[in-house]
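> Sequence first, then the predicted structure:
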Amino acid sequence: MQIHISKSRMKRRIALNSIFRILFFLATTIGLVFLSLLLIRILNQGLGYLTIDFLRNFPAPYVEEAGMFAGIIGSLFLMLLTAPIAIILGVSTALYLEEYAPKNRFTNFIQVNVQNLAGVPSIVFGLLGLTFFVYLFQMGYTLIAGALTMSLLILPVIVVAAQEAIRSVPKEIKEASIGMGATKWQTIWRIVLPAAVPGILTGSILALSRAIGETAPLLIVGAATAIYTIPDSMLSKYTVMPIQIYSWTSRPQEEWQFVAGAGIIVLLVILLCMNAIAVWIRNKFQNRY
Amino acid sequence: MTDMISNQQNENSAIDDQYIFDIHDFNLWYGSDQALYGINMGIEKNKITAVIGPSGCGKSTLLKTLNRMIEMVPNVNTSGSIKYDNADIFSKKQMVEDLRTQVGMVFQKPNPFPKSIYDNVAYGPRIHGIKKKKVLDEIVEKSLRGAAIWDEVKDRLNQNAYGLSGGQQQRVCIARCLAIEPNVILMDEPTSALDPISTLKIEELIKELKDKYTIVIVTHNMQQAARISDKTAFMLTGELVEFTDTDTLFSNPKDKRTEDYITGRFG
Amino acid sequence: MVNNNEQAHSVQEMIKTNKRKNNLLKTSEKSVPIFLLFCATISVLTTIGIVFTLLRESITFFSDVSLADFYLGVNWSPWSGKFGVAPLITGTLLITFIAICVALPLGVASAIFLSEYATNKTRKIIKPILEVLAGVPTVVYGYFALTFITPLLQGLIPDLKIFNALSAGIVVGIMIIPMIASLSEDAMNAVPNHLRAGALALGATRLEVTFKVIIPAALSGIIASVVLALSRAIGETMIVTIAAGASPNLTFDPTQSIQTLTAFIVQGAKGDTTYGSTIYYSIYAVGITLFVFTFIMNMLSQYISRKFREDY
């Protein structure tokens, strides 16, 4: 009798386990389902409007003539300015923290500060850029103001990635270099940095792919929604892909949403390429030591 | 042999030219823990000096002090003096990079750079400003020959050094060290990570290098010390217990502790 | 000396000659750390800049509008001079609440599945998908909320406004699932395997191990991840700007159109606001409110996860 009860109890417990396994699995796949819905929806709506002209045209009041050229070029220019600023600042900060910083409260403060900056909402960076770059430094609503704002936004991400990459360079090869009479900076420049480059590159590309999709801070620092020339200097007006998408999305007529869909396809394809490159670099150089 | 390097030597010095390192009353602390106690030791030129002792006896610490690599560890304090070529290695005038250029080091685990074999060996000359391709080619070949690995790698100099076996990697590391022609080579248990055959090759190599270089080798392997070294030092808990000719130390140790160690009572 | 002198010039001699010439090395050895330190202080200056900006402009704002009017007022219509921030705060809280209702169960369930049930192979497929989900730009999520989720929900709830808190909140929730899932999974993975093995050996099922051993042990890590996700939801801008509307209503009805703190900042900074007007300064007062909210959440999350680390 006793055994019988415990057997049925056992069965129930095992059944419960199986049910929950399925539930957990379903919960996990909701992300996948959502992602598929999103992609299908966007392809469905946007693919019809994705033409060569769409990639070549400037914004236009008519759906048929609207294009993303200004946004694509604007995003590209913005990244060309943002990337060197953010990467140089980020890698330098990481090198300082990992290789030079004495263990004191100031160092600790910088470290905690970097972590906290990573958690500040992107729109707050927009306000920072608005006050400092747009008004105080009188750059106005220009490409360089946007690029500086974006650089500060992705700086913490790059610092953290670069720190990890630098930390993973084995101590032994640093010792080998120092042991041959190399100075500290020679060792860093010739040994540590080359060995950390893949990690730094992966982190930087991922950070840039975040920046290329950012909309809110650029709305604040005044990226234009419609622009009919490509930027010819750092002080030009500009627009970027996500802002064009936003401006199309917020129009009431339904066909503009299809245009937005086409814009999203372009943006996602570019993001996908950037991510693929990052993953490729990560896999190619993984476990080298 | 010309006297290019010894030109810098203080001619007035009374210290015997026979010794390249002169360690006098040397103490070392990691923070508040003392690791070396009153070491007195002279290391002779063109000899192989082995330092043996159980783990934690301070032999590696002593070795790393000779080219000041010990300073990579934070909070290290020292007292007493170590003279290299009659000059205090800790003096303000002594550039630590110059010392390490003349006193090379081979590490416990093979640690080639993640670069080609060629770039590994050319690293030292390059950081010291030698850029001419022809000169570098010459140095690389000579160093790899010197480390008895030229024939094995001459056809794949541009391949990554990580593709070599452990023993080959260690010989590339020795070649890398030879490339800047140091006067002294410090070896920190260079064969402990290797198989017996590779170990044998490296031991033969070390004996050949003796003609041109002064070698100080730390080893946990007493047979190795007996096989290759001219002088042997036995250390225990941070003290230098006995330091004499290798033959004497192993056949006729003066100190009871040395005898216990070499007969395998502990360690 | 002991040098190898078969060559006309010994390497050591060449090194010596080079060294005499080379002052650049010494200079860079000294200047590089200074340059690096300078770069490292940029991140500190950024923080100082943010706090300074928000404080200075807010102080100007509060000389026009009293603190009490701002924080206790219930009417937010800045273009008619009413600056009671309560509707924006309730709007933000409503979105955050809906988001967490979606993300907490799904995120934690995903974490449990990945950490306790999934085979390595499944994990290798699912984790990249979650990463992709985390990498989708928020403007795309906003578009999706407005053009897909809202019409879908309107089929179920006929009264649903075109711009509404519900669909924006759901999509914000989906956006933060990967964050909760991956951080919670890390916390669960950190539970030592012998605890798992011990319970399984006593005949407990995976489910019992999960609820009686793993979740209690990883609880603080899970909470930390949820708090961090809350902070992300509070700071999220584009989804709510696009899908939740621009009507600062003091309501907790998710079918209504609302406005969040972030959405107002976009509205206020975009276009027609003149520099130096009260509305201009109001975006900073709203900004500092937002900043304080997220800052507290981030600190709390860090505090909880630090305590958690001490446990092992």
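Cool, got the structure.
> For residue A:199, which non-adjacent residue is closest in space?
residue A:165 (2.6 Å; Cβ to Cβ, 6 or more residues apart in numbering or on different chains). Where you see a C-beta, it was placed from the backbone N, CA and C, and this is true even at glycine.
> pretty sure the one you found is touching residue A:193, no?
No - using Cβ atoms under 8 Å as the test, residue A:165 is too far from residue A:193 to be in contact (9.4 Å).
> Between these two, which is the more surrounded one?
Taking neighbours as other Cβ atoms under 10 Å in any protein chain shown, residue A:165 and residue A:193 compare with residue A:165 leading, 25 against 17.
> Mind checking what helix or strand follows the helix or strand hosting that one in sequence?
Using DSSP states H and E, residue A:165 falls within helix A:143-167. Remark: after helix A:143-167, the chain's next helix or strand is helix A:171-179, criterion DSSP H and E.
> Contacts for the helix or strand following that following helix next, please.
Downstream of helix A:171-179, the next assigned helix or strand under DSSP H and E is helix A:184-187. Counting by Cβ atoms under 8 Å, 6 or more residues apart in numbering or on different chains, helix A:184-187 makes contact with A:99, A:174, A:177, A:178, B:127, C:25, C:28, C:29, C:32, all of which sit outside it.
> For residue C:38, see how far away residue C:31 is.
10 Å (Cβ to Cβ, to the nearest Å).
> what about the chain, any weak spots by pLDDT?
No chain was given, so I picked chain A. A:1-5, A:286-289 (pLDDT under 70).
> ah, no, chain C please
In chain C (pLDDT under 70), the answer is C:1-9, C:20-21, C:271-272, C:308-312.
> mind redoing it with 80?
Residue ranges of chain C with pLDDT under 80: C:1-9, C:16-26, C:270-273, C:307-312.
> in it, what residue is nearest chain B?
Using Cβ to the nearest Cβ, residue C:18 is the residue of chain C that sits closest to chain B, at 3.2 Å.
> now the stretch 51-200 of chain A
residue A:181 (3.5 Å).
> From the centroid of the chain, which residue is nearest?
I'll assume chain A. Closest residue to the average C-alpha location of chain A: residue A:210 at 1.7 Å, with Cα atoms, centre = their mean.
> The intended chain is chain B.
For chain B, by Cα atoms, centre = their mean, the most central residue is residue B:186; offset 0.7 Å.
> For beta bridges, what are the partners of that residue?
residue B:105, residue B:216 (DSSP bridges).
> and it, what does it touch?
B:63, B:64, B:66, B:67, B:103, B:104, B:105, B:106, B:215, B:216, B:217, B:218.
> Quick one: name the residues of the stretch 51-200 of chain B near chain C.
Within the stretch 51-200 of chain B, the residues that sit near chain C (Cβ under 8 Å from any Cβ of the partner chain) are B:98, B:101-102, B:125, B:128-130, B:135, B:138-139, B:142, B:146, B:179-183.
> Distance check, the residue of the stretch 51-200 of chain B found nearest chain A against residue C:13.
Using Cβ to the nearest Cβ, residue B:101 is the residue of the stretch 51-200 of chain B that sits closest to chain A, at 3.5 Å. As judged by Cβ to Cβ, residue B:101 and residue C:13 stand 12 Å apart.
> residues touching the most centrally placed residue in chain C, list them.
Geometric centre of chain C, nearest residue: residue C:232, 3.3 Å, by Cα atoms, centre = their mean. Residues in contact with residue C:232, defined by Cβ under 8 Å, 6+ apart, are C:175, C:176, C:179.
> Next, it: phi, psi?
Main-chain dihedrals, residue C:232, degrees, to the nearest 10: phi -60, psi -40.
> Just give me the neighbour total for residue 175.
Going with chain A. Neighbours of residue A:175 (other Cβ under 10 Å): 18.
> The chain in question should be chain C.
With other Cβ under 10 Å as criterion, residue C:175 counts 25.
> Likewise for residue C:97?
If we define neighbours as other Cβ under 10 Å, then residue C:97 has 17 of them.
> doesn't residue C:169 make contact with it?
Yes - counting by Cβ under 8 Å, residue C:97 touches residue C:169, with 7.3 Å between them.
> Any regions of the stretch 151-267 of chain B where pLDDT drops low?
Looking at the stretch 151-267 of chain B by pLDDT under 80, you get B:265-267.
> Nearest to chain C: which residue in it?
Counting by Cβ to the nearest Cβ, the stretch 151-267 of chain B gets nearest chain C through residue B:181, at 4.3 Å.
> give the contact list for the nearest residue to that residue once chain neighbours are set aside.
Excluding the flanking residues, the one nearest residue B:181 by Cβ to Cβ, 6+ apart is residue C:11, at 4.3 Å. Residue C:11 sits next to B:125, B:130, B:139, B:179, B:180, B:181 when contact means Cβ under 8 Å, 6+ apart.
> if you set the cut-off to 10 Å instead, what comes out?
Counting by Cβ atoms under 10 Å, 6 or more residues apart in numbering or on different chains, residue C:11 touches B:101, B:124-125, B:128, B:130, B:135, B:138-139, B:142-143, B:178-182, C:3-4.
> Do you have the helices of chain B handy? List them.
B:59-66, B:96-102, B:117-127, B:133-146, B:150-153, B:166-178, B:196-209, B:222-228, B:246-251, B:256-262 (DSSP state H).
> Ok, which of those helices comes nearest residue A:130?
helix B:117-127 (47.3 Å; Cβ to Cβ).
> orientation of that closest one relative to helix B:133-146 in degrees?
Using axes from the mean of the first three to the mean of the last three Cα atoms, to 10 degrees, the inter-axis angle of helix B:117-127 relative to helix B:133-146 is 120 degrees.
> Next, whatever residue of the stretch 151-300 of chain C ends up closest to chain A: phi, psi?
Going by Cβ to the nearest Cβ, chain A is nearest to residue C:235 of the stretch 151-300 of chain C, at 2.7 Å. Dihedral angles of residue C:235 (phi, psi; degrees, to the nearest 10) stand at phi -80, psi -10.
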